[in-house]
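Asker: Can you look at this prediction? I've put the sequence above it.
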Amino acid sequence: MTDSASNEKIPVQVFVNDPAPLPAKKPGSGDENEERGNWTSQMDFMLSCIGYAVGLGNVWRFPYLCYSNGGGAFLIPYVIMLMFAGIPLFFLELSIGQYGSNGPIRCWRSVPAIRGVGYGMVAASAFVGIYYNVIICYTIFYMIQSLTSVLPWEDCHHSWNSYLCSELFDECVDEGGIVTLNKTCVPIANLTSEEKAFYNVSEDGNLTHYTDPFHDDRKGPSEEFYRNGMLHDSGSIEESGYVIWQLALCLLLAWLIVFLCLAKGIKSSGKVVYFTATFPYIVLFILLIRGLTLPGFKDGIIFFITPRWELLKNPKVWKDAAVQIFYSLSASWGGLTTLSSYNRFKNNCFRDAMIVPLLNCATSVFAGVVIFSILGAMAYELGKPVAEVVDEQFGLAFVAYPEAVTHMPGSPVWSFLFFFMLLTLGLDSQFCIIETVVTALTDQFPDYLRPRKTKLVAGYCTACFFIGLICVTQAGSYWVVLMDKYAADFALLIFAFMECIGIGWIYGAKRFTNDIRTMVGDRIVDSVLFKWWSLNWCFLTPAVLSFVLLFNWSSWSNPTAGDYEFPAWAHGFGWVLIMSSISWIPIVWVYEFVKAEGSILERFRAMGTPTSDWGPALPAHRNEAYNVHERHGTTMGGTIDGFSPEDYMHVNQPKYVPTENGIAMGNLRGESV
């Protein structure tokens, strides 16, 4: 239709649900994908990936696993799992997210039958985000407590200390007394001959044979501060007690920081990571220099790296290496797909997939050297073997290290730096965990939620804060451990296995390779070494994951919180967490099967066929992808313009729509008729 006065074609605006992924232009943003947005620069993405992958586990989980699983020998299974599972999955997730410009749910329009994996990843991330910020609030609490001239966990003269605090025994002996069974310090001069004989004290007051009657139950002042001063530990998950207001305020501050950094999406978080992703390396380097100046540092480092080859025969060592790779690289959480979905289409995701995992693993080893150099100095100071001052995971960060810094001059400074480093490490990962959930929601409901993303982030952070209050009660630490053990454990391995099956076998490794070719070019994909990735996605990585899964299930035992055994209902709750993420896989599979039409074989074929709108977001890139696939003997997933056969049935039917100049006629494509 034309305007009779000007004889110019009236622009047509079609108010229908266009299934084609053609973004509405928003002039001035400078983004390639105007509707969804892109990283401001490639460095924003790289630092976000590094910050997401390099998290709290690099500082406390890896060093503990390394020394307990063979020291330097553990690096052999660790590197093997990195090559056969970690990097292939990292590359797969970056590629599929960047190619389709969608988060962990909508990216599985490539293989509708596997879409449940995306829902499962988002569910797991949602659960982890709740308790992960509680751990971050612990670091904030310790930072605040470090703003003093004397650290509160240096001695045993505080309201939270008990008679079992180890420093009380040392002080009693130094003052010429002994600790008796009635829990008091009695001067040796006040003891009767019978009492001296009972406690193995000689008549002249020699304590050579005297033994502390509470030796086995003694706890250091740092452990008592952690358990009693911060956690107000009730001793059981069934005794919630009261909300610890100090931790509740720290938790509120943690969620406020997350909201402020994510309020504008990747545009705001992409700038914050310039500090949060680099600052931990500066602190680690400073701590390393300080650690290397302390006596005894060599003992700690040697203890950390000394290989114990005989442990490599234990399958558990290999299982721990594989699980640590998933925790370390953050693979199968959905976060990598989320981050890469904001990339420009031609970003070199292959380069990124090589740099970030290698840097991440190097950081784990570097952090281990730093931590153990300081623990070695503490062991030297106390006259103990290094093995006796090492603690597991949370204990390493909140008990062993805080105690270690008390033996260093200027201890509050080193304590503040360490916990500030933990804060930045945790925030990077938390940003991406929350962004994964928010992106999944906005991708599912773009018309309603995308314009209201700031409000969505605010509402989500608020809800998580109130849910997380259960983790800052007197039983809070048990809830944190329970969720940590159950929320994502072997579910990550199942997600990774399904990803490999979905892309390698159903979607097709060759087709996926040509998807990557469209983004990074022929030079990289035509290399002989590039065939390594298809081999992994189809065979090697699923085989490794199958081994780890089977071993995990065959050796499964109910998780505990140290010596504390959870009640049956707590384990039931844990299994609800697991099933609420992995159950999406069969649920979506059944849904897709019922939704499909035709015979059983035709339904299965439909479940494995990409949807029409799968593929690059922009028309120019869809055309390019179509040509690349045609030249290299594969078919592009989706259609060239994003329309399904049903769309074509009415694509040319006229639609009368209002315009600024009256009524115009157009079709589904937005073309004039």
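Answerer: Looks like it arrived, so ask away.

Asker: Please, where are all the strands along this protein?
Answerer: Listed in chain order, the strands of the chain (DSSP state E) span 177-179, 185-187, 560-561, 564-565, 655-659, 662-666.

Asker: and the second one, what's its mean pLDDT?
Answerer: In this case it means strand 185-187. Averaging pLDDT along strand 185-187 gives 92.

Asker: again with the first one
Answerer: Strand 177-179 shows an average pLDDT of 92 in the prediction.

Asker: what's the answer for the last one, then?
Answerer: Confidence over strand 662-666 (mean pLDDT, whole number) is 46.

Asker: Tell me, please, where in the stretch 501-650 of the chain the pLDDT is lower than the cut-off.
Answerer: Within the stretch 501-650 of the chain, the segments meeting pLDDT under 70 span 642-650.

Asker: Going along the chain, name the helices of it.
Answerer: Per DSSP state H, counting those that start in this stretch, the stretch 501-650 of the chain carries helices over the ranges 509-520, 522-525, 531-535, 541-554, 568-582, 584-595, 600-607, 619-631, 645-650.

Asker: next one: the stretch 301-450 of the chain
Answerer: Taking DSSP H, counting those that start in this stretch, the helices of the stretch 301-450 of the chain run over residues 315-329, 335-340, 349-382, 394-395, 401-405, 411-444, 446-449.

Asker: Can you tell me which helices and strands the fourth one packs against?
Answerer: Packing partners of helix 394-395 (3 or more C-beta pairs under 8 Å, 6 or more residues apart in numbering; DSSP states H and E): none among the helices and strands. C-beta here means a position set from N, CA and C on the backbone, and glycine is covered the same way.

Asker: before we move on, what about the fifth one?
Answerer: When contacts are defined as 3+ C-beta pairs under 8 Å, 6+ apart, helix 401-405 packs onto helix 221-224, helix 349-382, helix 411-444.

Asker: Between helix 349-382 and the last one, find me the angle.
Answerer: Orientation note: helix 411-444 sits at an angle of 150 degrees relative to helix 349-382 (axes from the mean of the first three to the mean of the last three C-alpha atoms, to 10 degrees).

Asker: Which positions within helix 411-444 qualify as buried?
Answerer: If you call a residue buried by 16 or more other C-beta atoms under 10 Å, then helix 411-444 has these buried ones: 411-412, 414-444.

Asker: do stretch 293-311 as well
Answerer: Within stretch 293-311, judged by 16+ other C-beta under 10 Å, the buried ones are 294, 296-297, 299-301, 303-305, 311.

Asker: Rebuild those as CSV, extending it with distance to residue 127 and pLDDT.
Answerer: Output for these, formatted as CSV (distance: C-beta to C-beta, whole Å; pLDDT from 0 to 100):
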residue, distance to residue 127, pLDDT
294, 40, 89
296, 41, 92
297, 39, 92
299, 40, 91
300, 35, 91
301, 37, 93
303, 35, 88
304, 32, 89
305, 35, 87
311, 32, 87
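
Asker: Now residue 300: closest residue in space that isn't a chain neighbour?
Answerer: By the measure of C-beta to C-beta, 6 or more residues apart in numbering, the closest residue to residue 300 outside its immediate chain neighbours is residue 376, 2.1 Å from it.
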